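Asks: build me a structure from this.
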Amino acid sequence: MSQPPRLVVRTLAVTFVTLTRQTLFFSGALRALVSRSWQRWTEVTARHVVFRQCRTVTVAIILSVVFVVLTLDARDRVRAAETEKLRVAAQVFTMVETRRQQDQVAAIATLAENPTLKAALDTYVTESRLLGPRPDPQLRNTVAREAERLAALTAADVLAVIDTQGQVFASGGPLRDRWAPGQRIPLSIITEPTFQDVVALPGGAFRVSGAALALNDDRPIGALVEAVSLDANYAQELSNFSSAGVVIVVNDTVVARTVSEVVARDLAEAGATEAVRMLNGEEYAIGALFSLGPARIYTLSSIDAAARAATRDAMMALGTIAFGAFVLAALGSFWLARTLTDPIDRLAGEMEVMTAAHDLRPTLRPTGTSRELDALTDAFNELMRGLVAAEAESRAAYLGAIRALAAALDARDPYTAGHSERVSALSVLMGRQLEIGDSELDVLRLGGLLHDIGKIGLSDEVLRKPGALTSEEFEQIKRHPALEARILRQVPFLAPHLPIVELHHERPDGRGYPFGLRGEDIPWPARIVHVADAFDAMTSARAYRPARAPAEAVAELRRYSGTQFDSACVEALLTALPLATTAPEPALQELLGRQLV
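Replies: Residues are numbered from 1 along each chain as shown. Now for the predicted structure:
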């Protein structure tokens with residue numbers, strides 16, 4: 001009595017071991033292929049990292065060299081450009097200023113011929129010589145009014161009349177207060193017909209243009225001078241003209257500037273002996289714009305500031321180019337990354353779908369973009385085909401072993417021959433009426449074959465007894481579901497069928513065995529097989545009774561529908577077998593045979 005269970009376990013174990021070995025073989029081959037691919041990818045990645053590090057260092061060195069060369073080149077170019085700019089500005093200023101001074105001298109010479117001015121001044125000088133130091137003050141006022149009128153015509157800062165003693169006789173113009181009457185003006189060439197000079201007064205430095213005042217007998221009586229203040233406004237005008245900084249130095253003293261005080265002081269102390277020199281820690285290009293008497297006017301431009309501006313502009317341009325290159329590189333990298341990763345993502349997605357569906361039959365499509373990926377895909381497909389073939393062979397071996405065991409069980413009792421096949425076919429027929437899925441139909445088909453496999457452990461005396469069973473013998477019969485479950489639990493492949501073989505004798509009213517489950521607690525497959533098993537048992541001849549007519553079996557199922565049998569399963573059976581009430585058992589077998597095909 002203990003031999004059959006060991007035979008079942010041994011048969012199932014052999015087929016399971018065969019499947020496991022084949023699965024491990026193909027899985028090992030797949031792991032080896034993946035391992036080699038990963039190792040190759042790691043080596044390529046490592047080389048790529050080293051190459052990228054070397055490339056980064058090289059790019060950094062190149063950029064540093066470019067920056068240094070760019071800075072030095074920009075500085076040299078700026079130095080030459082600024083020096084040339086000051087030279088050209090000085091030439092232009094000299095030409096313009098020479099022409100302007102000529103015009104100014106001519107204009108002042110014309111004004112010096114003013115008869116009213118000369119008559120009033122001559123009368124005043126004559127009266128001073130004849131009448132003493134207190135001549136008529138009205139004469140001085142006449143000269144002052146005339147000087148004011150002429151100053152308005154010339155738009156000069158100061159228009160002054162200088163007597164033969166070199167003192168201011170009268171003055172007019174916006175800055176006449178700095179040329180007060182009686183103030184001595186240090187002019188050494190006042191006796192010349194026309195003259196130009198620079199004078200430094202307490203009120204500031206002035207550039208003067210003058211003409212001698214003489215009577216008809218060429219007797220000198222003084223001079224008429226036009227003075228321009230060398231102040232900040234004049235320096236700013238020159239700076240705007242030359243587009244450079246301006247420093248005005250008189251008697252080695254800075255009188256006006258458009259640059260910082262420190263730079264102007266350093267320039268005044270050093271002089272413009274060099275075209276380029278360091279001032280206040282910066283390199284400047286220096287040009288002599290004007291030189292007359294004690295006055296010097298310099299133009300200067302910071303080479304460092306111009307170089308910084310030029311370097312900044314160059315770096316902005318370089319930065320713009322670099323940013324554009326970065327954007328293009330980023331777009332190219334993104335496109336390249338997508339080109340590389342999209343096929344991998346697609347393969348991974350297809351593998352994930354295969355894994356989720358537990359279906360290894362579909363094949364992966366080659367990417368067509370990478371020979372390595374296509375080779376890996378082909379190898380994977382080949383492995384999957386081998387694994388599917390091995391699984392099919394093992395599954396066929398399982399089914400063959402199960403059918404052999406079911407046939408061996410049926411062979412022990414000629415009255416139950418074909419019972420397992422009919423229950424399996426009938427369960428599938430009912431499952432289709434209940435519209436369950438194909439995978440559940442496969443579970444029903446195999447579960448129907450296995451539902452009585454545990455009876456192989458029962459003795460022939462009990463299994464083939466022609467009379468009624470004793471309570472002890474019935475208890476042995478009731479143990480066969482637990483024996484079936486214990487056998488099948490050793491085979492993981494048959495785990496989905498355990499509810500059928502273990503629970504197909506449970507009843508909706510809870511009076512079934514082995515656990516006394518009720519209603520919805522009983523799985524659907526077990527309820528279906530329970531009805532199919534009962535119908536076939538009632539319509540099949542047994543050692544202890546003849547076969548019952550299908551109509552009686554249907555009436556019995558209807559009578560106990562909802563208590564012993566599930567109502568929905570009973571209705572599914574009646575729908576699936578519309579001829580069951582009149583057809584004999586051979587007709588039912590023929591129907592089931594057609595259904596299996």
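Asks: test my guess that Leu238 contacts Tyr298.
Replies: No - between Leu238 and Tyr298 there is no contact under Cβ atoms under 8 Å: 10.0 Å. Any C-beta I mention is one placed from the backbone N, CA and C, and that applies to glycine too.
Asks: give me the common contacts of those two.
Replies: Residues touching both Leu238 and Tyr298 by Cβ atoms under 8 Å, 6 or more residues apart in numbering: Val246, Leu289.
Asks: looking at the two, which one has more neighbours?
Replies: Higher neighbour count among Leu238 and Tyr298: Tyr298, with 28 against 25, using other Cβ atoms under 10 Å.
Asks: just list whatever residues bridge to that one.
Replies: Val247, Ala288 (DSSP bridges).
Asks: tell me how far it lies from Thr355.
Replies: For Tyr298, the distance to Thr355 equals 86 Å [Cβ to Cβ, to the nearest Å].
Asks: repeat that for Ala307.
Replies: Distance, Ala307 to Thr355, using Cβ to Cβ: 66 Å.
Asks: one more: Asp442?
Replies: 19 Å.
Asks: more crowded one of those two?
Replies: A count of neighbours by other Cβ under 10 Å puts Asp442 above the other of Asp442 and Thr355, at 14 against 10.
Asks: could you look up the SS state of the more buried one?
Replies: helix (DSSP: H, G, I helix; E, B strand; the rest coil).
Asks: which regions of the stretch 101-250 of the chain lie under the pLDDT threshold?
Replies: When residues are selected by pLDDT under 70, those of the stretch 101-250 of the chain lie in 128-136, 188-191, 217.
Asks: just the buried residues of stretch 470-489, please?
Replies: Residues Glu473, Gln476, Ile477, Arg479, His480, Pro481, Leu483, Glu484, Ala485, Ile487, Leu488 are the ones in stretch 470-489 that count as buried (16 or more other Cβ atoms under 10 Å).
Asks: pull the distance from the helix or strand harbouring the second one to the chain's centre.
Replies: Assessed by DSSP states H and E, Gln476 sits inside helix 471-478. The gap between the average C-alpha position of helix 471-478 and the chain average comes to 75 Å, counting by Cα atoms, centre = their mean, to the nearest Å.
Asks: so which elements touch it?
Replies: helix 460-463 (3 or more Cβ pairs under 8 Å, 6 or more residues apart in numbering; DSSP states H and E).
Asks: rounded mean pLDDT for the helix it packs on, please.
Replies: What helix 460-463 shows for mean pLDDT is 70.
Asks: repeat that for stretch 365-382.
Replies: Across stretch 365-382, the average pLDDT comes to 76.
Asks: same question, stretch 308-317
Replies: Averaging pLDDT along stretch 308-317 gives 76.
Asks: now do the buried residues in it.
Replies: The neighbour-count check on stretch 308-317 (16+ other Cβ under 10 Å) flags Ala310, Thr311 as buried.
Asks: most centrally placed residue in the protein?
Replies: Nearest residue to the geometric centre of the chain (Cα atoms, centre = their mean): Ala330, 8.7 Å.
Asks: let me see the backbone angles for that residue.
Replies: Dihedral angles of Ala330 (phi, psi; degrees, to the nearest 10) stand at phi -60, psi -40.
Asks: sorry, back to before: so what touches the helix holding Gln476?
Replies: Lys455, Leu458, Val462, Lys465, Leu469, His505, Tyr513, Pro514.
Asks: the second one: neighbouring residues, count only.
Replies: Applying other Cβ under 10 Å, we find 21 residues neighbouring Leu458.
Asks: backbone dihedrals for it, please?
Replies: Per degrees, to the nearest 10, the backbone of Leu458 is at phi -90, psi 150.
Asks: equivalent analysis for Asp163, please.
Replies: phi -80, psi -180.
Asks: is it true that it touches Ala170?
Replies: No - in this structure, Asp163 is not within contact of Ala170 by Cβ under 8 Å, at 9.5 Å.
Asks: so which of those two has more stuff around it?
Replies: Using other Cβ under 10 Å as the criterion, Asp163 and Ala170 rank with Ala170 on top: 25 against 22.
Asks: send the alpha carbons of the helix or strand containing the more buried one over as CSV?
Replies: Applying DSSP H and E as the criterion places Ala170 in strand 168-172. Below are the C-alpha coordinates for strand 168-172, written out as CSV (Å, rounded to 0.1, in the frame of the first residue of the first chain):
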residue,chain,number,x,y,z
VAL,A,168,45.8,145.1,-15.7
PHE,A,169,44.1,148.5,-16.6
ALA,A,170,40.6,147.0,-17.3
SER,A,171,39.1,143.6,-17.9
GLY,A,172,35.9,142.1,-19.0
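Asks: A helix includes Ala309, no?
Replies: Yes - Ala309: assigned to a helix according to three-state DSSP.
Asks: distance-wise, check it relative to Thr563.
Replies: Counting by Cβ to Cβ - Ala309 and Thr563 are separated by 102 Å.
Asks: likewise Ala485?
Replies: In terms of Cβ to Cβ, Ala485 sits 25 Å off from Thr563.
Asks: what do you get for Glu502?
Replies: Per Cβ to Cβ, Glu502 is found 21 Å from Thr563.
Asks: with neighbour numbers in mind, choose between these two.
Replies: Neighbours per residue (other Cβ under 10 Å) separate Glu502 from Thr563, with Glu502 holding more: 23 against 13.
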